[in-house]
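S.K.: sharing a model prediction with you, sequence too.
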There are 2 protein chains.
Amino acid sequence: MPKMADRMLYMEDTAKIIRGLFNAMGDPETISFGGGAPASEGLPVDQVREICNDVMTWDKRGVEALQYGSVLGVPDLRKAVCDVLLKPKGIDADPDEVMIVNGGLETMNLLCQVYINPGDVILVESPTFVHCVEIFEMFQAKCVAVECDDQGFVMEDLENKIKEYNPKFVYVIPTFQNPTGKTLPADRREKLAELGSKYDVIVLEDDPYRELRYSGEDLPPIKKFDKTGNTVYANSFSKVFSPGSRLGFVYADKNIIARLFDAKTATNSHTSNFAQVVCAEFFNRGYFHENLKKLIAIHKERRDAMIAAIDKYLPEGTKRVFPDGGLFTWVELPGGINTTELLEKAADYHVAYIAGAGFFTDKDGKGSNAMRISFGNVSPEKIDEGMRRLGELIKAEMK
Amino acid sequence: MPKMADRMLYMEDTAKIIRGLFNAMGDPETISFGGGAPASEGLPVDQVREICNDVMTWDKRGVEALQYGSVLGVPDLRKAVCDVLLKPKGIDADPDEVMIVNGGLETMNLLCQVYINPGDVILVESPTFVHCVEIFEMFQAKCVAVECDDQGFVMEDLENKIKEYNPKFVYVIPTFQNPTGKTLPADRREKLAELGSKYDVIVLEDDPYRELRYSGEDLPPIKKFDKTGNTVYANSFSKVFSPGSRLGFVYADKNIIARLFDAKTATNSHTSNFAQVVCAEFFNRGYFHENLKKLIAIHKERRDAMIAAIDKYLPEGTKRVFPDGGLFTWVELPGGINTTELLEKAADYHVAYIAGAGFFTDKDGKGSNAMRISFGNVSPEKIDEGMRRLGELIKAEMK
């Protein structure tokens, strides 16, 4: 076979981790805190069926849904993004500054197509979302970790590293971060937008979890503080509508959207019109707000059950994040336990999580005692039982 | 704003053409032979509505459609690809050798991710599908045109250029080619597969039109002759199910699928499960064959109407391809007419086509008198009227 491209070798280590994430589902007896899925019970199955029944007709939206569409996406879905998702956050966006993409992650891929040459630097959180690191590495970007405290980026270290590395992007998940569940405070958000403008760096704000808030006060997106177009706002419909429909959006300066248009046509032309039409109707009929209440109730119960179970079953000295929203918490174990090695034994206890080390780009042993714990798609009863099993394993290990 | 990646400059000329293609739709008075859409009248609107009504329920496929899915795609859709689309062509495929992608073009993007370094050579037909050239150029590949006759690749020139350029891919649309409507004969298909094996080159067989045959004898895919895994078979559901659902598939050697898996996770994780589940049911319920008969009847009538209209309205000395299937014919005008310049005047006549020059990678004036004429989504009456307008314009031009 012909030789592979250099990028495939460059991304190989991270690709191994991602393959593991996708192959983790399997044994039905295992209670998995691994994947990042929201609750299946919160999916809008009935609404989608009703919408299809109403609009998949010749005289309504059947042809629009099934025929070729436009590169930027279905107009009323882009309008819903502006009116329903951005306006309440203080952002006055034009639908022509919004492109619909095939799931939230695709924005990271397309923005790399537009900006990243091999060797370019992307500053990331420590830890950060490993799946996006895979994307950045496919473009042969060098990911450099910025120091983080309990609230996210340490701003002094960030500014120093911008000066030192002259990065193309600062990649950040400011709200209920993946993997830690942490949230960046408002003053740091404002500062981050300013740094993007000051040093002419793109702040890539990845914000898929923000609507799922269970406690604490709502915070404005970094993008709200952007005065120069240097912040690009990436979001997803996966956590508020449906992950399987693969819908996300990017809101950015029109000059950036114009280049993302080219990268999109050279990737897959446009996002499924079928999925977009149904999602647009979901907003048009006001189902978004109604369904979000249900989603928040389901996930808040699970967040609370998870925190209670961690405190009940994991050993003294365990540190954990109390996330105000989203799908994850981050646990650090005492006693020198290596969570990558522990994961193999966890199979015997029929419980799973994602080992922490993979979320650090430094690969210098950070996170070796940590784990990402996802509670989105596990019932409260199973959360209790799964954490009981995990606690038992850890205690056996510490003996 | 930060500097763009080199690839964006490299692709700019072709990206301009693609922007034109997507912006062409507009004036409702214009009869457009430009876009490559199939007939809206053939879209399975009623079947899709029925399927959604049946399976978008909690106890059937609602959760599967709306929750995260697998990277390779929905299992019964991959099985339908093997049983319904590949087996009748003499190909015995395993569903694990098939990946579902977000529209047929995405395969070209993903395969470039896996194999193309900047400067690598891709051999293409002359003319070839300009949208794929945009993809290849985004990866900074050098496209080299191979001489073509009335049936496609001139095999001697192809072998010479493989030896001269040591390309990574040979890109070919063997059946009802885009833009010409030509079909590569069986003996050249067999030879092409052999050349891929002999010189360890990937033959990228793009075959989205093959099911839409209106005359002549069915031919086996190049992939059927492949003994070494060097041929990769790319196809789309756009012309047999729905373009707007954005579904395609790639069938390839398992080692290539394993690398495409990585490129797919670093592009958009997986293709819309929602669209896949509905398409799978379309096959499971036997609607594919029933709907294909309807599609062939509609498009054959349009092909015949187009050929008749060309012969009736275009001037003596016009050359045109009689396509045995697909959506396109290729017209070469006499009398030194430049079709790029003519297109501007065509707006006044409310008729549109795609100028030929853009389909040639040499950019040396080839195709300056040619046009791609698409008849898929224009009624026979409008085909007659549109070609009458075009004929009038051309005759005025020749005076």
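M.R.: Looks like it came in fine.

S.K.: helices and strands of chain A: which one has the lowest mean pLDDT?
M.R.: Sorting the helices and strands of chain A by mean pLDDT, DSSP states H and E puts helix A:12-23 at the bottom, at a mean of 87.

S.K.: mind checking how far that one is from the chain centre?
M.R.: 17 Å (Cα atoms, centre = their mean, to the nearest Å).

S.K.: so what touches the next helix or strand after that helix?
M.R.: Per DSSP states H and E, the first helix or strand lying C-terminal to helix A:12-23 is strand A:31-32. If you take Cβ atoms under 8 Å, 6 or more residues apart in numbering or on different chains as the criterion, strand A:31-32 is touched by A:24-25, A:350-353, A:378, A:382, A:385-386, A:389. Yep, even glycine has a C-beta here, placed from its N, CA and C like the rest.

S.K.: show me which of these are buried.
M.R.: A:24, A:351-353, A:378, A:382, A:385-386, A:389 (16 or more other Cβ atoms under 10 Å in any protein chain shown).

S.K.: what two of the residues you listed have the greatest distance between them?
M.R.: A:Ala24 and A:Glu385 (18.4 Å; Cβ to Cβ).

S.K.: correct me, but A:Phe22 touches B:Ser70?
M.R.: Yes. Applying Cβ atoms under 8 Å as the test, A:Phe22 and B:Ser70 come out as touching, 6.9 Å apart.

S.K.: close to chain B: what parts of the stretch 51-200 of chain A are there?
M.R.: A:52-53, A:56-58, A:62-71, A:101-103, A:105-106, A:109, A:112-117, A:120, A:131, A:134-135, A:137-138, A:168, A:200 (Cβ under 8 Å from any Cβ of the partner chain).

S.K.: and if we set it to 6 Å?
M.R.: A:52-53, A:56, A:58, A:62-63, A:65-69, A:71, A:102-103, A:105-106, A:109, A:115-117, A:134-135, A:138, A:168, A:200 (Cβ under 6 Å from any Cβ of the partner chain).

S.K.: so among those residues, which ones count as buried?
M.R.: A:52, A:56, A:62-63, A:65-69, A:71, A:102-103, A:105-106, A:109, A:115-117, A:134-135, A:138, A:168.

S.K.: in helices only, show me the residues you listed.
M.R.: A:52, A:62-63, A:65-66, A:105-106, A:109, A:115, A:134-135, A:138 (DSSP state H).

S.K.: of those, closest to B:Ser245?
M.R.: Of these, the one sitting nearest to B:Ser245 (Cβ to Cβ) turns out to be A:Leu66, at 6.4 Å.

S.K.: the residue of chain A most remote from its centre and B:Leu295, how far apart?
M.R.: The outermost residue of chain A relative to its centre, with distances by Cα atoms, centre = their mean, is A:Asp59 at 37.6 Å. As judged by Cβ to Cβ, to the nearest Å, A:Asp59 and B:Leu295 stand 21 Å apart.

S.K.: tell me which residue is most central in chain A.
M.R.: Centre-nearest of chain A using Cα atoms, centre = their mean is A:Pro208, 5.2 Å out.

S.K.: outline the domain layout of chain A.
M.R.: A:6-43+A:289-398, A:61-287 (automatic domain parsing).

S.K.: can you tell me which of these the model trusts least?
M.R.: Sorting the domains of chain A by mean pLDDT places domain A:6-43+A:289-398 lowest, at a mean of 94.

S.K.: return stretch A:146-164 as CSV; C-alpha atoms alone will do.
M.R.: Extracted in CSV, the C-alpha atoms of stretch A:146-164 (Å, rounded to 0.1, in the frame of the first residue of the first chain):
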residue,chain,number,x,y,z
VAL,A,146,-1.4,26.4,29.6
GLU,A,147,-1.4,26.1,33.4
CYS,A,148,-4.9,25.8,34.9
ASP,A,149,-6.2,26.3,38.5
ASP,A,150,-9.6,25.4,40.0
GLN,A,151,-11.3,27.8,37.6
GLY,A,152,-9.4,27.2,34.4
PHE,A,153,-6.7,29.2,32.6
VAL,A,154,-4.1,31.0,34.8
MET,A,155,-4.2,34.2,32.8
GLU,A,156,-0.5,35.2,33.5
ASP,A,157,0.7,31.9,32.2
LEU,A,158,-1.6,32.2,29.2
GLU,A,159,-0.3,35.7,28.2
ASN,A,160,3.3,34.6,28.7
LYS,A,161,2.8,31.6,26.4
ILE,A,162,1.0,33.7,23.8
LYS,A,163,4.1,35.9,23.8
GLU,A,164,6.5,32.9,23.8
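
S.K.: for that stretch, which positions count as buried?
M.R.: A:146, A:148, A:152-153, A:155, A:157-159, A:161-162.

S.K.: what is the nearest of the residues you listed to chain B?
M.R.: A:Ile162 (11.9 Å; Cβ to the nearest Cβ).

S.K.: give me the residues contacting the helix or strand harbouring that closest one.
M.R.: Take DSSP H and E as the rule and A:Ile162 turns out to sit in helix A:155-165. Helix A:155-165 is contacted by residues A:121, A:123, A:144, A:146-147, A:188, A:191, A:195, A:199 when judged by Cβ atoms under 6 Å, 6 or more residues apart in numbering or on different chains.

S.K.: OK, contacts around A:Arg7?
M.R.: Per Cβ under 6 Å, 6+ apart, neighbours of A:Arg7: A:138, A:140.

S.K.: export the one helix or strand it maps to as CSV, just CAs?
M.R.: If you go by DSSP H and E, A:Arg7 is part of helix A:6-10. Listed next in CSV are the C-alpha coordinates belonging to helix A:6-10 (Å, rounded to 0.1, in the frame of the first residue of the first chain):
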residue,chain,number,x,y,z
ASP,A,6,2.8,12.4,7.7
ARG,A,7,-0.2,13.7,9.7
MET,A,8,-1.3,10.1,10.4
LEU,A,9,2.0,9.3,12.2
TYR,A,10,1.8,12.6,14.0
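
S.K.: for it, the distance to its chain's centre please.
M.R.: 24 Å.

S.K.: same question for stretch A:271-283.
M.R.: Per Cα atoms, centre = their mean, the centroid offset for stretch A:271-283 relative to its chain is 21 Å.

S.K.: quick check: residues of the stretch 251-399 of chain A near chain B?
M.R.: Going by Cβ under 6 Å from any Cβ, the residues of the stretch 251-399 of chain A near chain B are A:262, A:265-269, A:272-275.

S.K.: neighbours of A:Asn230, just the number please.
M.R.: A:Asn230 has 24 neighbouring residues, counting by other Cβ atoms under 10 Å in any protein chain shown.

S.K.: nearest spatial neighbour of it, chain-adjacent residues omitted?
M.R.: A:Gly196 (3.8 Å; Cβ to Cβ, 6 or more residues apart in numbering or on different chains).

S.K.: so what secondary structure elements neighbour the strand or helix carrying A:Glu341?
M.R.: Element membership of A:Glu341, judged by DSSP H and E, is helix A:339-346. Packing partners of helix A:339-346 (3 or more Cβ pairs under 6 Å, 6 or more residues apart in numbering or on different chains; DSSP states H and E): strand A:354-355.

S.K.: so A:Gln276 sits against A:Val74, correct?
M.R.: Yes. A:Gln276 is within contact range of A:Val74, at 4.1 Å (criterion: Cβ atoms under 6 Å).
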